[in-house]
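In: Quick one: sequence plus predicted model below, questions after.
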Amino acid sequence: MSIWTLDGRLKNVQFACSPGTLKQLAEHRKGETDLIERDGKLFLLATIDMPEPEVFEPKGFIGVDRGINNLATSSDGDNHCGRRLGRYRRWQARKKAEIQAKQTRSAKQLLKKRARREARHATHINHKVSKTVVAVAQRTGRGIALEELRGIRERVTVPRDQRARQSSWPFHQLGAFIAYKAKRAGVPFVEVDPAYTSQRCPRCGHTERANRRTRDHFHCRRCGLAGPADHVAGANIATRGATAWVFVNMPDPVPA
């Protein structure tokens, strides 16, 4: 690459990236590249224009439920970033409280630096989870269904000790990562209404608040189906995703 400086243009400057990224840059780079500095390191932000692959017809759908205890739970029963991530976030909260108690200028600067580090960590985790979900869907020939999260912080009530965790994690970013990775891989993607997904029985369809006696456990009062509440919600989201896909791709009626 070459860089404009006050002393003229620097040519043939070397940079490091993965082989896959280098191939994308060589084949699909578009426009100029920005050079930024972040925490003492230099990064290149390059824009690429990649053709969209054709979306395949799904054999079914994977429902993904996003939550507080488990960041993402699929209808297959896979939990992503549960206890380990919870321990990390609790540790970060304790450190943040200790630094805030000092109320010094250096403490404020340290808080800003720690906030940036935590945001990068959240982005990294969201990338890993979204990559795994899309890879499973692509390998099994299924689509991905997510619940719409508009107004989740006003709609969902959580215990006092979990409010900070709910407000701090970028759930919308996780959904955006899954959406664009699915689009890039040609995997069908839909968003569905989240209403009562954690209270509806995926086997008999009975919907009642009492079906979910606790936050983590589901037990249908009609047919007796029991299991993790997040897994049940993912199964309901998958069913709604399949229904939504049929309606979205329904052929237009032929005029009489």
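Out: Great, that's in hand.
In: Quick check: the gap between Ala233 and Leu146.
Out: 11 Å (C-beta to C-beta, to the nearest Å). From N, CA and C alone the C-beta is placed, and that goes for glycine too.
In: Between those two, tell me which one has more neighbours.
Out: Higher neighbour count among Ala233 and Leu146: Ala233, with 27 against 24, using other C-beta atoms under 10 Å.
In: what's that one sitting at in phi/psi?
Out: phi -60, psi -40 (degrees, to the nearest 10).
In: Helices of the stretch 151-256 of the chain, start to end?
Out: Along the stretch 151-256 of the chain, counting by DSSP state H, counting those that start in this stretch, helices occupy 152-155, 160-168, 171-185, 229-248.
In: And the third one, what's buried?
Out: Across helix 171-185, burial judged by 16 or more other C-beta atoms under 10 Å covers Phe171, Gln173, Leu174, Gly175, Phe177, Ile178, Ala179, Lys181, Ala182, Ala185.
In: For the fourth one, report the pLDDT, please.
Out: The confidence metric pLDDT takes the value 92 at Gly175.
In: Tell me if I'm right that it and Arg66 touch.
Out: Yes - Gly175 lies in contact with Arg66 (C-beta atoms under 8 Å); the separation is 7.2 Å.
In: Identify the contacts common to those two.
Out: With contacts defined as C-beta atoms under 8 Å, 6 or more residues apart in numbering, the residues shared by Gly175 and Arg66 are Leu146, Leu149.
In: any idea how far Phe56 is from Val187?
Out: 8 Å.
In: State the phi and psi torsions of the residue nearest to Gly60 when sequence neighbours are not counted.
Out: Excluding its sequence neighbours, the residue lying closest to Gly60 (C-beta to C-beta, 6 or more residues apart in numbering) is Arg142, at 4.7 Å. Main-chain dihedrals, Arg142, degrees, to the nearest 10: phi -110, psi 160.
In: related to what we said a few turns ago, would you mind putting the buried residues of helix 171-185 into JSON lines with distance to Ala226 alongside?
Out: Formatted as JSON lines, the buried residues of helix 171-185 follow (distance: C-beta to C-beta, whole Å):
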{"residue": "Phe171", "distance to Ala226": "27"}
{"residue": "Gln173", "distance to Ala226": "33"}
{"residue": "Leu174", "distance to Ala226": "28"}
{"residue": "Gly175", "distance to Ala226": "28"}
{"residue": "Phe177", "distance to Ala226": "32"}
{"residue": "Ile178", "distance to Ala226": "28"}
{"residue": "Ala179", "distance to Ala226": "32"}
{"residue": "Lys181", "distance to Ala226": "33"}
{"residue": "Ala182", "distance to Ala226": "31"}
{"residue": "Ala185", "distance to Ala226": "35"}
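In: any idea which element Arg139 lies in?
Out: helix 105-140 (DSSP states H and E).
In: I'd like to know which elements that helix is packed against.
Out: If you count contacts as 3 or more C-beta pairs under 8 Å, 6 or more residues apart in numbering; DSSP states H and E, helix 105-140 packs onto strand 61-66, strand 72-74, strand 79-80, helix 83-102, strand 143-147, helix 171-185.
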